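Engineer: The sequence isn't on hand, but the structure is:
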């Protein structure tokens with residue numbers, strides 16, 4: 001009897017891997033078109049968000065300054081200076097509106113109408129007069145304002161800065 005050795009696993013050879021019966025690349029122009037459309041839409045969305053973020057830079061800076069003013073209002077030594085800065089901040093925001101009209105010369109009813117026109121929620125009827133009072137009243141009169149009055153005015157200013165409409 002001739003002895004043949006039992007097959008050993010080390011004798012096995014790797015099989016050649018055949019090419020898949022299909023290609024991983026899209027076979028029709030529709031997929032390429034869809035890819036191009038998605039890339040263009042993504043780029044447009046990125047560009048729009050970036051542009052809006054750049055246009056709202058003045059708004060972010062104003063809100064940061066308003067938060068600082070709010071901290072100073074609670075400090076009795078810095079209260080008057082902080083209160084006097086509030087009308088200037090609102091005016092600077094109005095002047096910074098991209099593509100907006102010049103608001104530097106607006107006063108009284110024109111200023112109130114401008115402020116109201118650029119926000120959806122109604123503002124207090126005397127908002128512009130309150131701001132003018134903060135800028136020009138004597139310090140003794142400003143010192144008599146209560147903390148709740150000032151915080152309510154800050155709330156209205158914050159709403160206007162956050163929500164005013166900008167023509168794009």
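Structural biologist: Now that the structure is in, tell me what you want to look at. All of these numbers come straight from a predicted model, not from anything done at the bench. Numbers count the residues shown, from 1 in each chain.
Engineer: where does this protein dip in pLDDT?
Structural biologist: 1-3, 99-101, 167-168 (pLDDT under 70).
Engineer: 80 instead, please
Structural biologist: Where the chain drops to pLDDT under 80, the residues are 1-7, 11, 23-27, 97-105, 165-168.
Engineer: the helices in this structure, which residues?
Structural biologist: Remark: helices assigned in the chain by DSSP state H are 29-55, 57-73, 79-96, 108-117, 127-136, 139-143, 147-163.
Engineer: Counting by contacts, list what the fourth one packs against.
Structural biologist: On a contact count with 3 or more C-beta pairs under 8 Å, 6 or more residues apart in numbering; DSSP states H and E, helix 108-117 meets helix 79-96, helix 127-136. Heads up, the C-betas are built off the backbone N, CA and C, glycines and all.
Engineer: got it, and the first one?
Structural biologist: Under the contact definition 3+ C-beta pairs under 8 Å, 6+ apart, helix 29-55 sits against no other helix or strand.
Engineer: Can you tell me how far residue 81 is from residue 13?
Structural biologist: 88 Å (C-beta to C-beta, to the nearest Å).
Engineer: ditto for residue 151
Structural biologist: Computed with C-beta to C-beta, the distance linking residue 151 and residue 13 is 84 Å.
Engineer: Those two: who's more crowded?
Structural biologist: The neighbour count for residue 151 versus residue 13, taken as other C-beta atoms under 10 Å, is higher for residue 151 (12 against 5).
Engineer: Tell me who's in contact with that one.
Structural biologist: By C-beta atoms under 8 Å, 6 or more residues apart in numbering, the residues touching residue 151 are 70, 73.
Engineer: and it, how far is that from residue 135?
Structural biologist: For residue 151, the distance to residue 135 - C-beta to C-beta - is 19 Å.
Engineer: cool, and residue 82?
Structural biologist: Distance, residue 82 to residue 135, using C-beta to C-beta: 13 Å.
Engineer: Neighbour count for these two, which is higher?
Structural biologist: A side-by-side neighbour count of residue 82 and residue 135, using other C-beta under 10 Å, places residue 82 first with 19 against 15.
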